[in-house]
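In: Just a sequence and a predicted model for now, questions to come.
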Amino acid sequence: MAIGDGFTSRLLGGLAEHLQDAGIGTWDPTGAAYSSNATAIVIRDIPAQPDRLITLAAYPLGTNLPGMADHRLGVQIRLRAGQDPRDCDDLADQIFDLLDGASGLTWGGIPVKDIVRSSYTSMGRDGSRRWERSENYHVDAMRPTSNNTD
């Protein structure tokens, strides 16, 4: 398997594309540098620039049913934006409006059954005084394996 071909990589890459298609941010899977005025979308990284940033990371929830391909995982969306806290909140609101309650999507070739935000919190300011926030979503997707086929 090549880098980026795994379930989590395809799911997060598909989410990044979904956010970009909605005009919320810019996704470059090659990891190229973003312009200073971009809202960058990255996987797990927290680069110093640009100021506006969307970082995606997945984590296990442990709620899968034995034998079933239905797979629930958590997706943390970490946000950073400007000196005014409303900038960060507005970015989070755009993402919430796009994702919460969504269903019937396909991200990276993976059927996504539904999405719901489970929590969020302000993270205060970073060392450059930009506001940060963390959003957590539960994502139900199909992940068939040799042991989970239905």
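Out: That came in fine, so what should we check first?

In: in this structure, which strand has the most residues?
Out: Determined from DSSP state E, the single longest strand within the chain is strand 110-125.

In: How many neighbouring residues does residue 99 have?
Out: 23 (other C-beta atoms under 10 Å). Any C-beta I mention is one placed from the backbone N, CA and C, and that applies to glycine too.

In: Going forward, count from 56.
Out: Okay, using 56 as the starting number, the last item reads as residue 154.

In: my read: it touches residue 170, true?
Out: Yes. Using C-beta atoms under 8 Å, residue 154 is in contact with residue 170, at 4.9 Å.

In: Overlap of the contact sets of these two?
Out: Both residue 154 and residue 170 are contacted by residue 192, under the criterion C-beta atoms under 8 Å, 6 or more residues apart in numbering.

In: In the lowest-mean-pLDDT helix or strand in the chain, which residues are buried?
Out: Every helix and strand of the chain was ranked by mean pLDDT, DSSP states H and E. The lowest is strand 125-136, at a mean of 93. In terms of neighbour count (16 or more other C-beta atoms under 10 Å), strand 125-136 has its buried residues at 126-130, 132-136.

In: what two of these are the furthest from one another?
Out: For the buried residues of strand 125-136, the maximum inter-member distance is 30.9 Å, found between 126 and 136 (C-beta to C-beta).

In: If the residue most central in space within the chain is in a bridge, with which residues?
Out: Nearest to the geometric centre of the chain sits residue 111, at 3.8 Å (C-alpha atoms, centre = their mean). Using DSSP bridges, the bridge partners assigned to residue 111 are residue 98, residue 132.

In: wait, doesn't residue 109 sit right on residue 149?
Out: No. Contact between residue 109 and residue 149 fails when scored by C-beta under 8 Å: they sit 9.9 Å apart.

In: Tell me the residues that contact both of the two, please.
Out: residue 79.

In: out of the two, which sits in the more crowded spot?
Out: residue 109 (26 against 18).

In: isn't there a helix covering the more buried one?
Out: No. Residue state for residue 109 (DSSP: H, G, I helix; E, B strand; the rest coil) corresponds to strand; a helix is not indicated.

In: ok, it - contacts?
Out: If you count contacts by C-beta under 8 Å, 6+ apart, residue 109 has them with 74, 79-80, 94-97, 132-134, 146, 150.
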